[in-house]
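Undergrad: quick one, what's the 3D model for this:
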Amino acid sequence: MRIGIHTGYWSAGPPAGIGEAIAAADQMGVDSIWTAEAYGSDAFTPLAWWGASTRNVRLGTAVAQMSARTPTATAMAALTLDHLSDGRAILGLGASGPQVVEGWYGQPYPRPLARTREYVDIVRKVLERGAPVEYDGAFYQLPLRGEGTTGLGKALRSTVHPHRADLPIHLAAEGPKNIALAAEIADGWLPLFYTPRLDHEFRERLAEGFALRSPERSAAADFEISATVPVVVDDDVEKAADAVRPFLALYIGGMGAKSANFHRNAIDRLGYADAADEVQSLYAEGRRAEAVAAVPTALVEDIALVGPREKIAAELQRWEQTAITTLLVQGDATAVRTLAEIMR
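TA: Numbering: from 1, shown residues only. Here you go, the predicted structure:
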């Protein structure tokens, strides 16, 4: 199992000290660095900036939101980054949720799985560069025809020859059907709330998708699973867990509506529905400090590595036995260094 760094969402600005941490990670042999986007910083610009000062780490988006760009625009950004980084780019895609998709990007959200399938199809056509891109789908049509158009649209092929026609595409997925879709059409899966305790269930969902995988796709044995895992090193377990609780409270209570929160649904499937009810209610009432405090330590320890070095080293053995191929550390430089030393 490899180690990567998930730089997370920006708050008011770039994460403090992240440039230095990435430079150190490149020297330490860390596998990859990953960026996120929602409705603030974008995912591609930081990778280009930070990637320019590195030589070894792979550069992944976890995730680039599909509603933020047309499929061809996303393919352009990925192939550009791949050229500039000499073949180190990984395109991680995600559907996000209706609050962001319709509220921020002004795009329709329904049928995200079918939309994802078409999106990935078009990105691959751009990267393969076999012919001018034409597509007649339920969500995307290239060239665009019909009412409100000039009728002058022309099927085009990228002027730039991609550095890699098989640039890897990974999908963020939380629901069972979406996990299976990632295994069917993508080169990797980006889970957010992974727990070794349910590794067998995740493997079953993946197996469903692998069974439908087309022959031209890379072998299932080459499929990557890069899981975001908060890591906090501290002699006091509760203090370490406190650093993770706000992250979980935000996703349970603040990401999405009560009737449509796919992150909350993922927590329910882990077995914490009652605790999630309390966190969500407190968050909705504006009692955020109480919502954070209501996140159980057991939940934190299920999806994160927190506590003294010895505890983390012992628990890491369970993670190494899972389907995960890369553990994406969400934490500070101490967390990355500690994990790297333990795994060496």
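Undergrad: for the chain, which element, helix or strand, carries the lowest mean pLDDT?
TA: Lowest on mean pLDDT, DSSP states H and E among the helices and strands of the chain sits helix 18-28, with a mean of 88.
Undergrad: just how off-centre is the helix or strand following that one within its chain?
TA: Downstream of helix 18-28, the next assigned helix or strand under DSSP states H and E is strand 32-35. Its chain's C-alpha centre and that of strand 32-35 lie 10 Å apart, by CA atoms, centre = their mean, to the nearest Å.
Undergrad: all helices of the stretch 151-300 of the chain, in order?
TA: Applying DSSP state H, counting those that start in this stretch to the stretch 151-300 of the chain gives helices spanning 176-185, 199-210, 237-249, 262-269, 273-284, 288-293, 297-303.
Undergrad: could you list the buried residues of the shortest one?
TA: What it means is helix 288-293. R288, A291, V292 (16 or more other CB atoms under 10 Å). Bear in mind the C-beta positions are built from the backbone N, C-alpha and C, glycine included.
Undergrad: isn't the last one right up against P246?
TA: This means V292. Yes: counting by CB atoms under 8 Å, P246 is a contact partner of V292 at 5.1 Å.
Undergrad: who's in contact with the residue positioned nearest the centre of the chain?
TA: With distances taken as CA atoms, centre = their mean, A62 lies nearest the centre of the chain, 3.2 Å away. Neighbour list for A62: 6, 34-36, 43, 92, 94, 170, 172, 190, 226, 228, 328 [criterion: CB atoms under 8 Å, 6 or more residues apart in numbering].
Undergrad: how many residues are close by T228?
TA: When neighbours are defined as other CB atoms under 10 Å, T228 has 23 of them.
Undergrad: can you check the pLDDT for it?
TA: You'll see T228 listed with a pLDDT of 98.
Undergrad: and it, what does it touch?
TA: H6, W34, A62, L190, P191, L192, Y194, L328, Q330.
Undergrad: buried stuff in the longest strand belonging to the chain?
TA: Secondary structure of the chain per DSSP state E: the longest strand is strand 224-233. By neighbour count on 16+ other CB under 10 Å, the buried set for strand 224-233 is E224, I225, S226, A227, T228, V229, P230, V231, V232, V233.
Undergrad: tell me the one of these nearest F262?
TA: Nearest to F262, judged by CB to CB, of the buried residues of strand 224-233 is T228 at 15.2 Å.
Undergrad: tell me which two of the contacts of T228 sit farthest apart.
TA: W34 and Y194 (14.6 Å).
Undergrad: one step back: residues contacting the residue lying closest to the residue nearest to the centre of the chain once chain neighbours are set aside?
TA: Closest residue in space to A62, ignoring its immediate chain neighbours: W34 at 3.9 Å, by CB to CB, 6 or more residues apart in numbering. With contact taken as CB under 8 Å, 6+ apart, W34 is in contact with G4, I5, H6, T7, G60, T61, A62, G92, S226, T228, L328.
Undergrad: could you export those residues as TSV, including distance to S158 and secondary structure?
TA: Written out in TSV, the entries for those read as follows (distance: CB to CB, whole Å; DSSP: H, G, I helix; E, B strand; the rest coil):
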residue	distance to S158	secondary structure
G4	28	strand
I5	30	strand
H6	30	strand
T7	28	coil
G60	21	strand
T61	19	strand
A62	24	coil
G92	21	strand
S226	27	strand
T228	31	strand
L328	30	strand
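Undergrad: burial measure for the residue lying closest to Y251 once chain neighbours are set aside, as a count.
TA: In space, and not counting its chain neighbours, Y251 is closest to H263: 4.1 Å by CB to CB, 6+ apart. Applying other CB under 10 Å, we find 20 residues neighbouring H263.
Undergrad: give me the longest helix you can find in the chain.
TA: Longest helix in the chain, counting residues (DSSP state H): helix 112-128.
Undergrad: touching that helix from outside, list them.
TA: 66, 71-72, 74-76, 78-79, 91, 93, 95, 131, 133, 135, 137-140, 142, 158, 162, 164-167, 169, 171, 177-178, 181, 185-186.
Undergrad: pull the distance from it to the chain's centre.
TA: 17 Å.
Undergrad: just the angle between that helix and helix 262-269, please?
TA: 110 degrees (axes from the mean of the first three to the mean of the last three CA atoms, to 10 degrees).
Undergrad: what is whatever helix or strand comes next after helix 112-128 packed up against?
TA: Using DSSP H and E, the next helix or strand after helix 112-128 towards the C-terminus is strand 135-136. Packing partners of strand 135-136 (3 or more CB pairs under 8 Å, 6 or more residues apart in numbering; DSSP states H and E): helix 112-128.
Undergrad: what's the average pLDDT for the helix it packs on?
TA: For helix 112-128, the mean confidence score works out to 98.
Undergrad: then stretch 144-152?
TA: pLDDT averaged over stretch 144-152 gives 96.
Undergrad: quick check: G331 touching V244?
TA: No: the pair G331 and V244 does not pass the contact test of CB under 8 Å, sitting 9.2 Å apart.
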